[in-house]
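[1] Sequence plus predicted model, see below.
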Amino acid sequence: MEKHLPWGAPKSRSTAANKVLLVHWDYVIQYDEDHRVPLWTAYRLDARGLNRTPDRVNCFRQDPRVDSPKASLPGDYDEPQFDQGHLAPSEDMSHNLNQNINSFIMSNMAPQYENFNRVIWKRLETQIRTWAKTRRTVYVISGSVFDHDLDAKPDPASAAKRMKSRSGSKRVAIPSHFYKIVLYKCRDGSVEALTFMLPHDKASHTGAAGQKYLEKHITSIAKIDAVTGWQFLSTLPVAGKFDGTHAHAFWQPKSTCDG
């Protein structure tokens, strides 16, 4: 797990016993048994792991490590609005076929509107792969937010909006937002960070407008902490400084902290 979370695992401010930590060789999942989605995933993204492009296998399947009543299932997504949205993207797990297959377990999926998943979320994922190729290694934390009342605090599980499958089941909660925290360790040991929180809606943000939309939704790790109830990067003494002030350094061809 330290491979993917070198600054320590996120800490929950909740004492609820509904969270399951699932550790893979290629990424880590914090799964929520009430919402039946990953609250966050974390992984180290190396440029050398992106050199191969195995065929996408689409082998969506139940995670056998999650008890059946609390596990999300492919049938939960048998409805017309939502994609099975990867939190750890399949294209980031492209070093070999087994790695790619392992990204399709349902504990890595959250409901995402088609336009969101296939346009702006995909654009952000693609941008992060570009950063990994220019910086050689970045660390990525992606997660779900449940703040439908927009009070900047996590909604109670009892208030969750849930998908309704064609069979009539309503088991999987629909996030209000999704976020990504991207981290890069500089040669001097300091850390660059860039954080996004995107409203989960049906809008399509393409072209130059899509780029501006991403920049508009740069946020701080502190705000992600508050709206999710998790504390990220608590062991970093400068964590409070990751407020987006120097965020545009990440858009450059290479890191500014390495010269």
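    Received, thanks.

[2] Report the contact partners of Ala226.
    Applying Cβ atoms under 8 Å, 6 or more residues apart in numbering, one finds that Ala226 lies in contact with Ala152, Lys153. Heads up, the C-betas are built off the backbone N, CA and C, glycines and all.

[3] Run the chain-centre distance for the helix or strand of the chain with the lowest mean pLDDT.
    In the chain, the helix or strand scored least confidently by mean pLDDT, DSSP states H and E is helix 97-101, which has a mean of 87. When C-alpha coordinates are averaged (Cα atoms, centre = their mean, to the nearest Å), helix 97-101 and its chain have centres 19 Å apart.

[4] For the next helix-or-strand element following that helix, give me every contacting residue.
    Beyond helix 97-101 on the C-terminal side, the first helix or strand identified by DSSP states H and E is strand 109-113. Contacts of strand 109-113 with the rest of the structure, by Cβ under 8 Å, 6+ apart, involve 37-38, 60, 72, 77, 81-87, 121, 144, 163, 172-175, 178, 200-202.

[5] Contacts for the helix or strand just after strand 109-113, please.
    Remark: after strand 109-113, the chain's next helix or strand is helix 114-115, criterion DSSP H and E. Applying Cβ under 8 Å, 6+ apart, the external contacts of helix 114-115 come out as Gln81, Phe82, Asp83, Lys202, Ala203, Ser204.

[6] rerun at 7 Å
    Contacts to helix 114-115, defined as Cβ atoms under 7 Å, 6 or more residues apart in numbering, come from residues Asp83, Lys202, Ala203, Ser204.

[7] For the least confident helix or strand of the chain, buried residues please.
    Gln99, Asn100, Ile101 (16 or more other Cβ atoms under 10 Å).

[8] Stretch 141-157 too?
    Using 16+ other Cβ under 10 Å as the test for burial, stretch 141-157 gives Ile141, Ser142, Gly143, Ser144, Val145, Phe146, Asp147, His148, Pro154, Asp155.

[9] Name the spans of this protein whose pLDDT lies under the cut-off.
    Across the chain, the ranges flagged by pLDDT under 70 are 51-55, 236-254, 256, 259.

[10] coming back round to it: what is the nearest of the buried residues of helix 97-101 to Ser107?
    Ile101 (14.0 Å; Cβ to Cβ).

[11] Next, the contact list for the closest one, please.
    Val57, Cys59.

[12] Show me the longest helix that occurs in this structure.
    The residue-count maximum for a helix in the chain (DSSP state H) belongs to helix 121-135.

[13] any residues touching it, and which ones?
    Here helix 121-135 has contacts from 45-47, 50, 85, 89, 91-92, 112, 138, 140, 178, 180, 182, 184, 196, 210, 214, 250, 253-255, using Cβ under 7 Å, 6+ apart.

[14] So which of the contacts of strand 109-113 belong to strands?
    Judged by DSSP state E, strands contain the following of those: Val37, Pro38, Phe82, Asp83, Gln84, Gly85, His86, Ser144, Phe178.

[15] What segments of the stretch 151-259 of the chain are helices?
    For the stretch 151-259 of the chain, helices defined by DSSP state H, counting those that start in this stretch occupy the ranges 207-216, 221-228.

[16] nearest to Gln30, of the contacts of helix 114-115?
    Nearest member of these to Gln30, counting by Cβ to Cβ, is Asp83, at 21.0 Å.

[17] For that closest one, give its distance to Ser103.
    Distance of Asp83 to Ser103, computed by Cβ to Cβ, to the nearest Å: 14 Å.

[18] When those two are compared, which one has more neighbours?
    Ser103 (25 against 17; other Cβ atoms under 10 Å).

[19] what's near enough to touch that one?
    Counting by Cβ under 7 Å, 6+ apart, Ser103 makes contact with His86, Ala88, Ser90, Met93.

[20] mind giving me JSON lines with the residues you listed and columns for distance to Ala159 and neighbour count?
    Shown next, in JSON lines, are the contacts of Ser103 (distance: Cβ to Cβ, whole Å; neighbours: other Cβ atoms under 10 Å):
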{"residue": "His86", "distance to Ala159": "25", "neighbour count": "22"}
{"residue": "Ala88", "distance to Ala159": "27", "neighbour count": "27"}
{"residue": "Ser90", "distance to Ala159": "31", "neighbour count": "19"}
{"residue": "Met93", "distance to Ala159": "33", "neighbour count": "26"}
